[in-house]
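In: Any chance you can model this:
(2 chains)
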Number of protein chains: 2
Amino acid sequence: MKTISENRCFGGVQGVYTAASEACHCEMTFGLFLPEAARARPVPVLWYLSGLTCTHENAMVKAGAQAAAAHYGIALVFPDTSPRGEDVADDDAYDLGQGAGFYVNATQDPWAQNYRMWDYVCAELPALIGAEFAVDLDRQAITGHSMGGHGALTIAMANPDRFASVSAFAPIANPSKSDWGRKQLGAYLGADEAAWARHDSTLQMQAVGFDGPILIDQGGSDQFLDLLRPEALAQAMAARRQEAAFRMQKGYDHSYFFVSSFMEDHVAFHAEALGA
Amino acid sequence: MKTISENRCFGGVQGVYTAASEACHCEMTFGLFLPEAARARPVPVLWYLSGLTCTHENAMVKAGAQAAAAHYGIALVFPDTSPRGEDVADDDAYDLGQGAGFYVNATQDPWAQNYRMWDYVCAELPALIGAEFAVDLDRQAITGHSMGGHGALTIAMANPDRFASVSAFAPIANPSKSDWGRKQLGAYLGADEAAWARHDSTLQMQAVGFDGPILIDQGGSDQFLDLLRPEALAQAMAARRQEAAFRMQKGYDHSYFFVSSFMEDHVAFHAEALGA
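Out: Now for the predicted structure:
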């Protein structure tokens, strides 16, 4: 692991690090905020998965999560959204290839070689941060925005007992029925939609749900509402009697001005679930 | 005035606008956050002046000021740091020309035509926002970072009775004795250092001071401490018995991770002075 930068922030340290990834066969960069509390003992971890076109950096500088994380003594991890590099397959579209990994393990060419973000986020990166930083992997929670909200929800439901809580900002909630999903799941996983199901949080909510609380915030003036399909997930959560709050926030759009407005709520929500 | 964007943010609106500037003879862009409280009545205004290389956008997305401004019902204004455009004089260096206006009225060629940021920030932009938005120009305060901290302090001291309070993050505190200052004040104002004095907050503190409270935060591990010369301003404030708090924050650097860590303190400080 190599340290790219470390900046004092709210009494803790906002770092950026890189390490060679076995899952993705390339160098992967991530951000990690470690609160002051980590000097005394390992702290709980909140994962933040980012959306299309983002790197590890967007949320780290724009979401305003560090203030609340410092207050509650929680570490924040900001993974990148895809493998990167000149040798890594890409596409001219903003919503496929680099910056658009969709948190799956690709099985199709040319993506299968590097696009294994599911393994990277679920297995490789947790092991790395557990070895390198004062974090308590027995206390984890997960959130994300847009494509990252999709990632957070699907990863949480597929890994029971790992996450105390899951939340999302404007998640891609039903990708197998959306142009933000059908194209990518088809490209990465192939035409057989049976392989897509574990990567659709509405379908996973119908099938298995989540054993813990869920918080979803969605902007009522989001320019991508038709692609996100929040109504499908809201219906599935209510039908399952899932412990959850789904909040439609009047007037908010898809931007980080929306995310930052409700970030403190989300960190507080996870802090309660984590006992932080 | 033209609206570039408006995003709902912490119950208010974060807008970006442009208008032709008479002072700068070019189109000038600025950000303005209007809290929900402005729907009922005009709200106090906190100016935020940015540093070298910044536009109106950096602080707007990275400083995290909107949360506290919404809480106290204060508007935030984020001016650009210089005139802009292909017809506007520039320099290859990052610290002269576009992105480096230093909040002065240039008198020297080739800068005199457009580089009138003093008039723009002190007169033209206040008049514009007073006409276009629900802001109360009888209740103003001002802050800034680095070159913008220099601007905030010098503008506040040169305009008595206008600002209830002034604060700064890592201001360029003594530019007439620094390479962040001598080069720019010489280029914009000429070789006669008598013309520089009003643009040096240490000299202005010695000469006139400020009739209200001042808050300065400075990172103790700032990579630019030798250029900022905080010790000169600290000495001048103490010698004058200026009502002020000067805080050296251990371990913090010059970045927005530093600024955002103490932004809530600064907004609260101004809110008290403004009676907000």
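In: pretty sure residue A:46 is in contact with residue A:136, am I right?
Out: No. Counting by CB atoms under 8 Å, residue A:46 stays clear of residue A:136, with 11.8 Å between them. In short, each C-beta sits where N, CA and C put it, glycine included.
In: between the two, which one's more packed in?
Out: In terms of neighbours (other CB atoms under 10 Å in any protein chain shown), residue A:46 is the more surrounded of residue A:46 and residue A:136; the figures are 29 against 17.
In: Secondary structure element holding the more buried one?
Out: Per DSSP states H and E: residue A:46 is located in strand A:43-49.
In: Tell me the buried residues in the helix or strand following that strand?
Out: Next in sequence after strand A:43-49, counting helices and strands by DSSP H and E, comes helix A:57-62. Across helix A:57-62, burial judged by 16 or more other CB atoms under 10 Å in any protein chain shown covers A:58, A:59, A:60, A:61, A:62.
In: Can you work out which other helices and strands pack against the strand holding residue A:46?
Out: Judged by 3 or more CB pairs under 8 Å, 6 or more residues apart in numbering or on different chains; DSSP states H and E, strand A:43-49 is in contact with strand A:75-79, strand A:135-144, helix A:147-158, helix A:256-274.
In: can I get the CA coordinates of that strand in PDB?
Out: The C-alpha trace of strand A:43-49 is given here as PDB (Å, rounded to 0.1, in the frame of the first residue of the first chain):
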ATOM      1  CA  VAL A  43     -13.400   2.300  15.200                       C
ATOM      2  CA  PRO A  44     -16.400   1.200  13.200                       C
ATOM      3  CA  VAL A  45     -16.400   1.600   9.400                       C
ATOM      4  CA  LEU A  46     -18.900   3.300   7.100                       C
ATOM      5  CA  TRP A  47     -18.500   2.500   3.400                       C
ATOM      6  CA  TYR A  48     -19.400   5.100   0.900                       C
ATOM      7  CA  LEU A  49     -19.900   3.900  -2.700                       C
END
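In: what angle sits between it and strand A:135-144?
Out: 30 degrees (axes from the mean of the first three to the mean of the last three CA atoms, to 10 degrees).
In: coming back round to it: filter the buried residues of helix A:57-62 by proximity to chain B?
Out: When these are filtered against chain B using CB under 8 Å from any CB of the partner chain, the residues retained are A:61, A:62.
In: in the stretch 151-276 of chain A, which spans are strands?
Out: A:163-169, A:214-219, A:244-249 (DSSP state E, counting those that start in this stretch).
In: Tell me, how many residues neighbour residue A:271?
Out: Around residue A:271 there are 21 other residues, counting by other CB under 10 Å.
In: now the stretch 151-276 of chain A, which segments are flagged as low pLDDT?
Out: Along the stretch 151-276 of chain A, the model assigns pLDDT under 70 to no residue.
In: Distance to chain B for the helices and strands packed on strand A:43-49 - can I get that in JSON lines?
Out: Below are the helices and strands packed on strand A:43-49 laid out as JSON lines (distance: least, CB to the nearest CB, whole Å):
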{"stretch": "strand A:75-79", "distance to chain B": "13"}
{"stretch": "strand A:135-144", "distance to chain B": "18"}
{"stretch": "helix A:147-158", "distance to chain B": "18"}
{"stretch": "helix A:256-274", "distance to chain B": "4"}
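In: Can you get me a residue count around residue A:194?
Out: Neighbours of residue A:194 (other CB under 10 Å): 8.
In: Disregarding residues adjacent in the polypeptide, which is nearest to residue A:180?
Out: residue A:227 (4.4 Å; CB to CB, 6 or more residues apart in numbering or on different chains).
In: right, I mislabeled it, should have said residue A:266
Out: Residue A:266 sits nearest to residue A:167 (CB to CB, 6+ apart), 4.8 Å away.
In: Ok, residue A:204 next?
Out: Nearest one to residue A:204, counting by CB to CB, 6+ apart, is residue A:157 at 4.4 Å.
In: That neighbour: neighbour count?
Out: Count around residue A:157 with other CB under 10 Å applied: 21.
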